[in-house]
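Chemist: Got a predicted structure here, sequence first:
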Amino acid sequence: MILIAGPCVLESRDNVMRIAESLNKYHEDCTKDFYFKASFDKANRTSLDSFRGPGLEEGLKMLQEVKEQFGYKILTDVHDYTQPAAAAEVADVLQIPAFLCRQTDLLVAAAKTPAVVNIKKGQFLAPAAMEHSVAKVLKTRGFDGEVNYENAKKYNVWLTERGSTFGYGNLIVDMRGLRTMREFAPVVFDATHSVQMPASGGASSGGDSSFVPYLSRAAAAVGVDGFFFETHFDPSIALSDGPNMIELTKLDALIKQIDAIRLIVE
């Protein structure tokens, strides 16, 4: 099982290292394909005044330190076509943010690197529409055949579900979409962003992390290739996405539940 976990954004070095150290048990678990996740920049914050992160150069240095100290594989976001080449020197997975999942230049630039390309489904798109985003990566990597699970897996393309717009300031997860997207590529379920409430907090997004366990267990029952959890030792002080994060102390019990469900359905 793919497991992606870490803070939303790179905060202080001490905070990042503290969170990274707490996740080591998953790196050592032979049943998990673990990736440490953190963004060097959050380019789509609600307010201009919101914390964005240390930026590309300093952020990649911090991620490289995590990689060297703990041996983790790294996942981070890229936001425009100038970033993937540099980011891929450190990151094993380049993540395409949901708002940018149709941006051809970004997808092509990410596809030209050796990294896995993880494309988050736009909140505004039907699951079936993600076939075309996968195709852009596959064609850039020299494959012009059928867009399906096996071919995407071979050419290192993933899709991630993170909820769909449901009215104003809310998201909902259509579990049918997990099955639909899995026809095109391996699918990761982003449990914490799926409970986000976009721009509901005035100058920031809100969320309700109490729903993370329920949606995670449901996704495990439907069948996905992996899970994505933004996590923190104290979500109340997190500099981005705190309301929808899962606290580090609660993560282990949830992952054990997911593992148990996967044993039943696989």
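Modeler: Received, thanks. Numbering: from 1, shown residues only.

Chemist: For the rest of this, base every contact and every neighbour count on C-alpha atoms.
Modeler: Noted.

Chemist: Find the residue at the geometric middle of this protein.
Modeler: Centroid-nearest residue in the chain, with CA atoms, centre = their mean: Phe228, separated by 5.4 Å.

Chemist: Wasn't that residue part of a strand?
Modeler: Yes. Under DSSP: H, G, I helix; E, B strand; the rest coil, Phe228 falls within a strand.

Chemist: correct me, but it touches Val187?
Modeler: No. Counting by CA atoms under 8 Å, Phe228 stays clear of Val187, with 10.5 Å between them.

Chemist: residue contacts, the residue nearest to the centre of the chain?
Modeler: By CA atoms under 8 Å, 6 or more residues apart in numbering, the contact list for Phe228 reads Leu3, Ile4, Ala5, Val188, Phe189, Asp190, Ala191, Thr192.

Chemist: Tell me where the chain has strands.
Modeler: Ranges of strands in the chain, per DSSP state E, are 2-6, 33-37, 73-77, 93-96, 116-120, 157-161, 164-165, 171-172, 187-190, 196-197, 206-207, 226-232, 246-247.

Chemist: What is the burial count for Val187?
Modeler: A count of nearby residues for Val187, using other CA atoms under 10 Å, gives 28.

Chemist: Report the contact partners of Ala87.
Modeler: Taking CA under 8 Å, 6+ apart as the test, what Ala87 contacts is Leu56, Leu60, Thr76, Val78, Leu94.

Chemist: with the residues you listed in mind, which one is nearest to Leu106?
Modeler: Set against Leu106, the nearest of the contacts of Ala87 by CA to CA is Val78 (8.1 Å).

Chemist: Could you measure from the closest one over to Lys67?
Modeler: According to CA to CA, to the nearest Å, Val78 stands 18 Å off from Lys67.

Chemist: So which of these two has more stuff around it?
Modeler: Between Val78 and Lys67, counting by other CA under 10 Å, Val78 is the more crowded of the two (28 against 18).

Chemist: got CSV for the strands of the chain, with distance to Val134 and mean pLDDT too?
Modeler: Formatted as CSV, those follow (distance: least, CA to CA, whole Å; pLDDT from 0 to 100):
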stretch, distance to Val134, mean pLDDT
strand 2-6, 19, 98
strand 33-37, 21, 98
strand 73-77, 17, 98
strand 93-96, 11, 98
strand 116-120, 8, 98
strand 157-161, 7, 98
strand 164-165, 19, 96
strand 171-172, 23, 96
strand 187-190, 12, 98
strand 196-197, 25, 91
strand 206-207, 29, 82
strand 226-232, 17, 97
strand 246-247, 29, 96
